[in-house]
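Novice: Next input, structure requested:
(2 chains)
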Amino acid sequence: MTSAALPQTLRKTALNATHRAHRAKMVDFGGWDMPVEYSGLVAEHMAVRTGVGLFDVSHMGDIQFRGPGSLAAVQRLCMNDASKLQVGQAHYSAMLDPDGCFVDDVVVHKLSENDYLIVINAGTREKDVQWVRKTVGHMPSIHISDYSDMYTQLAIQGPKAQATLQKLTDTDLSGIKNYWFTWGKVAGLYNVMIARTGYTGEDGFEIYIPSDEPTSGRVWGEVLAAGAEFGILPCGLGARNTLRLEAAMALYGHEISETTNVFEAGLGRYAKLDKGMDFVGREALAAVEAAGGPKRKLVGLEMIERGIGRDGYPVCAVGGEKIGHITSGSPAPFLKKNIALAYVPVQYAGEDEVVAVEIRGQLVKAKVVATPFYKRPKKTA
Amino acid sequence: MAYPEKYKYTKEHEWISVEGTAGTVGITDYAQSSLGDIVFVDLPKVGDALEAGKTFGSVESVKAVSDLYSPVSGTVTAINEELKDKPEKINDDANATWLLKLELKDASELDKLLSAEAYEKFVSEETGH
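Specialist: Numbers count the residues shown, from 1 in each chain, chains lettered A, B, ... in the order given. The predicted structure follows:
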């Protein structure tokens, strides 16, 4: 184990001092000094599955497109069909390179006519902003703004997320559908964007508040106080990772990257090849489709024998021949199984196929299972 | 005291307690705290020969794998079987939860290990606070 002293170059969110004051364990995540865990990864993970958890996700970036040409720019940049979005609606999408591989995965929000907000990953911010300017900067009648540093983004996640946040706002949260958003007064702040989005496989909200330290710290504290009766825990990126893995959601740099295409990653349903706009990467994806689909696929694995498959471990046929690799692997705290996502050739991708994960020189058996590993119970209310 | 005076320590965060030529090995409180929730411990078998400074197994938390390094050379005489089902006991009390016992080959190897005070200083330098 190693833990080096903090380099001066790490970036901090407005809540950095709050995290440190609460003795969170901090790590370098994509160049950001972020909390990896507070009270403990497993406790935080379980709080989100059974109650509510609070995450600082201010390291995520935000690019806004405005002007009469904004829809055309978003359509050229991103694979999903943004013309289908209504004002107040968001969807999952991705920016692709000409090979149909990922520059980044994003969430596109339609703020109003001719006004879109794209939420991007922290580790790819600079690359994304450059890519956006290079790809659509020349298109007519658009204004592109990088508002990444303007917002503190808080994720309130779990079956008690609505009850928690409702105490801080008069906006009727039950009226916001999944992947929709609105603006309301939250903790005394006017016109806060409240989105029913998240990255945990659980119901929840993400709110976007001004990024000054006093406001960020105050709202953080108010959310924790509001959730106290539900056992709310502040959560780190460790729990965020195991939660999204149980829900089989892709993480940039792991399941998706500049060397994985949309179909391999199983995200073809978000690529609208026939949307009537030639987006970057479309031609390459059409060629993959014409050739009968991808040669390898992202699958879910569950360890059968004792052992934990981790990121980067080789996946082998039972005989020992190397056939692929794990992109993310971990014990699953809620499911209490050892799970992984892995790329394997399509002939090994069928459910119940038995393969082996090479763990420090040993072949340990695993089987292909359906994803997501975890699906939240349907709401009864 | 997070690090008992009577133990000796490695820079890889193992402790060893010695009586005569019998050693007992565990990981430090700092190690368990850094790893977080421990879910898996991989240990050698009774009779295996360990070499000072070489890996003899691993301990895994939800978020990480960490190799275990033997503080001294010797032959394994016992394994803590309880850890197979209850690895989280290490989180509960790392100083009292042993991984294995061994018969020391050369007691002079102990001189190369850190005292509790020196280990504490090493950890505070490594973490920067």
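Novice: Residue 87: neighbouring residues, count only.
Specialist: Because you didn't say which chain, this covers chain A. Using other Cβ atoms under 10 Å in any protein chain shown, residue A:87 has 12 neighbouring residues. In this view, the C-beta of every residue, glycine as well, is placed from N, C-alpha and C.
Novice: Can you look at chain B instead?
Specialist: 19.
Novice: That one contacts residue B:36, correct?
Specialist: No: Residue B:87 lies out of contact with residue B:36 (Cβ atoms under 8 Å); the separation is 12.0 Å.
Novice: which SS class is residue A:76?
Specialist: For residue A:76, the assignment made with DSSP: H, G, I helix; E, B strand; the rest coil gives helix.
Novice: isn't it right up against residue A:137?
Specialist: No: Residue A:76 lies out of contact with residue A:137 (Cβ under 8 Å); the separation is 11.0 Å.
Novice: who's more crowded, the two?
Specialist: Using other Cβ under 10 Å as the criterion, residue A:76 and residue A:137 rank with residue A:76 on top: 17 against 12.
Novice: For that one, report the pLDDT, please.
Specialist: Model confidence at residue A:76, given as pLDDT, is 98.
Novice: dump the residue contacts of it.
Specialist: Contacts for residue A:76 were tallied using Cβ atoms under 8 Å, 6 or more residues apart in numbering or on different chains; they are A:135, A:136, A:139, A:277, A:278, A:279, A:280.
Novice: quick one: the third one and residue A:129, what's the gap?
Specialist: Here residue A:139 is placed at a distance of 16 Å from residue A:129 (Cβ to Cβ, to the nearest Å).
Novice: Next: residue A:254.
Specialist: For residue A:254, the distance to residue A:129 - Cβ to Cβ - is 22 Å.
Novice: and the longest helix for chain B?
Specialist: Longest helix of chain B, by residue count under DSSP state H: helix B:116-127.
Novice: For chain B, name the helix or strand with the lowest mean pLDDT.
Specialist: When the helices and strands of chain B are scored by mean pLDDT, DSSP states H and E, helix B:116-127 comes last with a mean of 92.
Novice: Report all helices and strands that it contacts.
Specialist: The helices and strands touching helix B:116-127, judged by 3 or more Cβ pairs under 8 Å, 6 or more residues apart in numbering or on different chains; DSSP states H and E, are strand B:8-9.
Novice: and the strand it packs on, anywhere near chain A?
Specialist: No: interface with chain A: strand B:8-9 contributes nothing (Cβ under 8 Å from any Cβ of the partner chain), its closest point being 13.6 Å away.
Novice: Now do that strand: which elements does it pack against?
Specialist: Looks like strand B:8-9 contacts strand B:14-19, helix B:116-127 (3+ Cβ pairs under 8 Å, 6+ apart).
Novice: from the ones you listed, which stretch is densest packed?
Specialist: strand B:14-19 (a mean of 19; mean count of other Cβ atoms under 10 Å in any protein chain shown).
Novice: Which is the succeeding secondary structure element to that strand?
Specialist: strand B:22-27 (DSSP states H and E).
Novice: mind listing what's buried in that following strand?
Specialist: Using 16 or more other Cβ atoms under 10 Å in any protein chain shown as the test for burial, strand B:22-27 gives B:23, B:24, B:25, B:26, B:27.
Novice: likewise stretch A:179-197?
Specialist: Here stretch A:179-197 shows A:179-182, A:184, A:186-187, A:189, A:192-197 as buried, counting by 16+ other Cβ under 10 Å.
Novice: again with stretch B:89-101
Specialist: B:89, B:90, B:91, B:94, B:95, B:97, B:98, B:99, B:100, B:101.
Novice: any idea where the helices of the stretch 51-200 of chain A begin and end?
Specialist: Ranges of helices in the stretch 51-200 of chain A, per DSSP state H, counting those that start in this stretch, are A:70-77, A:125-136, A:161-166.
Novice: now the ones you listed as JSON lines including distance to residue A:84?
Specialist: Output for the helices of the stretch 51-200 of chain A, formatted as JSON lines (distance: least, Cβ to Cβ, whole Å):
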{"stretch": "helix A:70-77", "distance to residue A:84": "11"}
{"stretch": "helix A:125-136", "distance to residue A:84": "19"}
{"stretch": "helix A:161-166", "distance to residue A:84": "26"}
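Novice: Any idea how many residues pack against whichever residue of the stretch 101-250 of chain A sits closest to chain B?
Specialist: When you check the stretch 101-250 of chain A against chain B by Cβ to the nearest Cβ, the closest residue turns out to be residue A:238, at 5.0 Å. Residue A:238 has 27 neighbours, counted by other Cβ under 10 Å.
Novice: ditto for the one 3 residues further on
Specialist: A count of neighbours around residue A:241, defined by other Cβ under 10 Å, yields 22.
Novice: Secondary structure element holding it?
Specialist: Under the assignment here (DSSP H and E), residue A:241 is part of helix A:237-246.
Novice: What is that helix packed up against?
Specialist: strand A:32-37, helix A:41-50, strand A:53-56, strand A:322-332, strand A:337-345.
Novice: Need the winner for burial among those.
Specialist: The most buried one of the helices and strands packed on helix A:237-246 (mean count of other Cβ under 10 Å) is strand A:53-56, showing a mean of 27.
Novice: Direction included, what does that strand pair up with?
Specialist: Partner strands and pairing direction for strand A:53-56 (DSSP bridges) are strand A:151-157 (antiparallel), strand A:233-235 (parallel).
Novice: I'd like the average pLDDT over that strand.
Specialist: Averaging pLDDT along strand A:53-56 gives 98.
Novice: Stretch A:102-112 too?
Specialist: Rounded mean pLDDT across stretch A:102-112 is 98.
Novice: Can you tell me how far residue A:151 is from residue A:376?
Specialist: From residue A:151 over to residue A:376 (counting by Cβ to Cβ), the distance is 27 Å.
Novice: is chain B contacted by stretch A:339-352?
Specialist: No: using Cβ under 8 Å from any Cβ, we find that stretch A:339-352 stays clear of chain B, coming within 11.6 Å at best.
Novice: One more: stretch A:199-219?
Specialist: No: Stretch A:199-219 stays clear of chain B (Cβ under 8 Å from any Cβ), getting no nearer than 15.4 Å.
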